[in-house]
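Novice: Just the structure for this:
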Amino acid sequence: MAYSEELDTPEDVWRARADSDADGGGACFVAEAARGTLVGMLVGLQLPGQAEPLLAGLWVAPEARRQGVARRLVGEAVGWARAAGAAQLSLWACESSLEARALFAGLGFVPTGERLVPPPDIDRDEDDVRPELELALGL
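Specialist: Numbering: from 1, shown residues only. From the prediction side, this is the model:
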């Protein structure tokens, strides 16, 4: 999801994502610049009732893009999932985000065939109802 789209995400959601490992249900990976400035974040979730973990909330600061930050964050998440004994790691990517889909394809993620099309809702922003594709990586 683009930074501009994440701006509307409430702070408590970001804090919950960052604290996702507090109950053993996930992990939060961050990338910092030399000065300690946050330049990237990725959350790995182990959701109740699901055997395999899920990646969510990948964000890389505009000034740090195309420098391998996303690749390193995903690499750390893959290591986390493998250490937990997972056989697969999945994520949902916006169908229209060719850049994100190209990044994940380059990391070995492939479409599972699952597609999520949120129902139209007059209270939602247009960006909130874009179709998403599930992508997975065998571990």
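
Novice: Report the beta-bridge partner residues of the one residue sitting closest to the centre of the chain.
Specialist: Note on the chain: the residue nearest the mean C-alpha position is Ala56, at 2.7 Å, using CA atoms, centre = their mean. Using DSSP bridges, the beta-bridge partners of Ala56 come out as Val43.

Novice: heads up, I number from 38, so please use that
Specialist: Happy to do that; since the first residue is 38 now, the last one works out to Ala93.

Novice: Does it touch Leu82 like I think?
Specialist: Yes. With contact defined as CB atoms under 8 Å, Ala93 reaches Leu82; the gap is 5.7 Å. For every residue, glycine as well, the C-beta is placed using N, CA and C.

Novice: What ranges does this structure have for its helices?
Specialist: For the chain, helices defined by DSSP state H occupy the ranges 40-43, 48-55, 106-120, 135-143.

Novice: Tell me the confidence at Ala64?
Specialist: According to the model's per-residue confidence, Ala64 sits at a pLDDT of 91.

Novice: which residues sit in contact with Leu128?
Specialist: Leu91, Leu92, Ala93, Leu95, Phe141, Phe146, Glu171, Leu172, Ala173 (CB atoms under 8 Å, 6 or more residues apart in numbering).

Novice: Next: Val97.
Specialist: Taking CB under 8 Å, 6+ apart, we find Val97 in contact with Ala68, Val76, Gly77, Val106, Ala107, Leu110.

Novice: Now neighbour count too, for these, in CSV please.
Specialist: Output for the contacts of Val97, formatted as CSV (neighbours: other CB atoms under 10 Å):
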residue, neighbour count
Ala68, 21
Val76, 20
Gly77, 21
Val106, 20
Ala107, 22
Leu110, 23
